[in-house]
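Student: Predicted model and sequence below, questions to follow.
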Amino acid sequence: MIDEQEKSADELVRVGVLGARGRVGIEVCRAVDAAADMELVAMVDQGDGLFAASDAGAEVVVDFTTPDVVMDHLHWCIEQGINAVVGTTGFTEQRLERVRGWLARKPDVGVVIAPNFGIGAVLMMQFAARAARHFESVEIIEQHHPRKLDAPSGTATHTARLVAAARAEAGLGPVPDATKDEVAGARGADIDGVRVHAVRATGLVAHQEVIFGTVGETLTIRHDSYDRVSFMPGVLLAIRAVRSRPGLTVGLDALLD
Ligand SMILES: NC(=O)C1=CN([C@@H]2O[C@H](COP(=O)(O)OP(=O)(O)OC[C@H]3O[C@@H](n4cnc5c(N)ncnc54)[C@H](OP(=O)(O)O)[C@@H]3O)[C@@H](O)[C@H]2O)C=CC1
Ligand SMILES: O=C(O)C1=N[C@H](C(=O)O)C[C@H](O)C1
């Protein structure tokens, strides 16, 4: 009996959380703590030092911090041979290339970076990519709480890139827009030719609409996260998967399939 208990303790995934006192980090700590197959071994926040995670024997580190520190964290994890699950935003194609370069020198390490861990949000992005080729017009409106540091959101940026790629593949030209006289910002940010509008208001958590238009009809695909617990099933899925996925995985799509 004692042997069995010790063996199952050995099998728990040892997880460290960076940004552990943040809005999402708190939920990650709760979710990991409640998961029967995981052990929360380190809660690291501003000023604590990353070695708290390696000293505690973390096999997977989850990062929900800020875009200005996340690259240093990832580099450190990869150098330490610790797998990483990253929700922090700010990942341009250049940043992803740098991560691939670091991972090339550590072929056993896995990193999952997802712009959104909400299962509904992942489906919203997939549905938008699928719809894109059928509509000449598309715009994205994302809505978030006012303490968010970045705009537009990582989810909206990723959606715009997916939609733009699908349009290009289908041979669609630029989105029609006759605007000649514009107050700066009125038409939103241009991400690969797709206009993205960012709303910030108290009471919101994380919401997005993708509006498609063609002659005589529109299609609106909307997703709402009303609570940060919505991200936890995706985070736990990535923690479970990352140790057996060496290299870089971007987005949850491959894990859901
Ligand atoms: N992919 C997804 O599904 C989701 C992604 N996000 C993204 O996750 C990130 C965090 O969001 P959120 O939790 O709302 O933000 P918060 O500001 O609430 O949390 C970030 C936390 O990280 C801490 N932190 C800052 N620097 C460091 C450091 N060097 N080491 C350890 N901890 C540090 C902050 O401390 P302090 O406040 O003292 O600076 C804070 O506690 C954002 O980029 C957000 O866009 C959010 C929701 C879902
Ligand atoms: O900061 C947030 O809150 C969120 N950030 C991510 C993003 O920028 O897309 C994911 C979700 O929208 C919540």
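Tutor: Cool, got the structure. Ligands and ions are numbered 1, 2, ... in the order given.
Student: Okay, strands next: where are they in the chain?
Tutor: Assigned by DSSP state E, the strands in the chain fall at 13-18, 38-44, 60-63, 83-86, 110-113, 137-144, 189-191, 194-200, 206-214, 217-225, 247-250.
Student: Tell me which of those strands sits nearest to ligand 2.
Tutor: Closest of the strands of the chain to ligand 2 is strand 206-214, at 3.5 Å (criterion: C-beta to the nearest ligand atom). Quick note: C-beta positions are derived from backbone N, CA and C, even for glycine.
Student: For the stretch 1-150 of the chain, which residues are neighbours of ligand 1?
Tutor: 18-19, 21-25, 44-46, 64-67, 69, 87-89, 114-117 (C-beta under 6 Å from any ligand atom).
Student: Could you rerun that using 5 Å?
Tutor: Residues of the stretch 1-150 of the chain lying close to ligand 1 by C-beta under 5 Å from any ligand atom are 18-19, 21-24, 45-46, 64-66, 69, 87-89, 116-117.
Student: low pLDDT regions in this protein?
Tutor: The model of the chain has pLDDT under 70 over residues 1-8.
Student: picking that back up, need the strands of the chain in JSON lines with mean neighbour count and distance to ligand 2, can you?
Tutor: Converted to JSON lines, the strands of the chain look like this (neighbours: other C-beta atoms under 10 Å; distance: least, C-beta to the nearest ligand atom, whole Å):
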{"stretch": "strand 13-18", "mean neighbour count": "26", "distance to ligand 2": "15"}
{"stretch": "strand 38-44", "mean neighbour count": "21", "distance to ligand 2": "19"}
{"stretch": "strand 60-63", "mean neighbour count": "28", "distance to ligand 2": "13"}
{"stretch": "strand 83-86", "mean neighbour count": "28", "distance to ligand 2": "11"}
{"stretch": "strand 110-113", "mean neighbour count": "25", "distance to ligand 2": "12"}
{"stretch": "strand 137-144", "mean neighbour count": "21", "distance to ligand 2": "5"}
{"stretch": "strand 189-191", "mean neighbour count": "15", "distance to ligand 2": "13"}
{"stretch": "strand 194-200", "mean neighbour count": "18", "distance to ligand 2": "10"}
{"stretch": "strand 206-214", "mean neighbour count": "20", "distance to ligand 2": "4"}
{"stretch": "strand 217-225", "mean neighbour count": "15", "distance to ligand 2": "6"}
{"stretch": "strand 247-250", "mean neighbour count": "18", "distance to ligand 2": "14"}
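Student: nearest to residue 95, of the ones you listed?
Tutor: Residue 95 lies closest to strand 110-113 among the strands of the chain, at 9.0 Å (C-beta to C-beta).
Student: Now do the closest one: everything it contacts.
Tutor: With contacts defined as C-beta atoms under 8 Å, 6 or more residues apart in numbering, strand 110-113 is touched by 74, 77-78, 83-86, 91, 96, 99, 103, 238, 241-252, 255.
Student: and that strand, which strands flank it?
Tutor: Using DSSP bridges, strand 110-113 pairs in its sheet with strand 83-86 (parallel), strand 247-250 (parallel).
Student: Quick one: closest of those to residue 138.
Tutor: strand 247-250 (21.7 Å).
Student: And for that closest one, what's in contact with it?
Tutor: Contacts for strand 247-250 (C-beta under 8 Å, 6+ apart): 91, 96, 99-100, 103, 107, 110-114, 241-242, 255.
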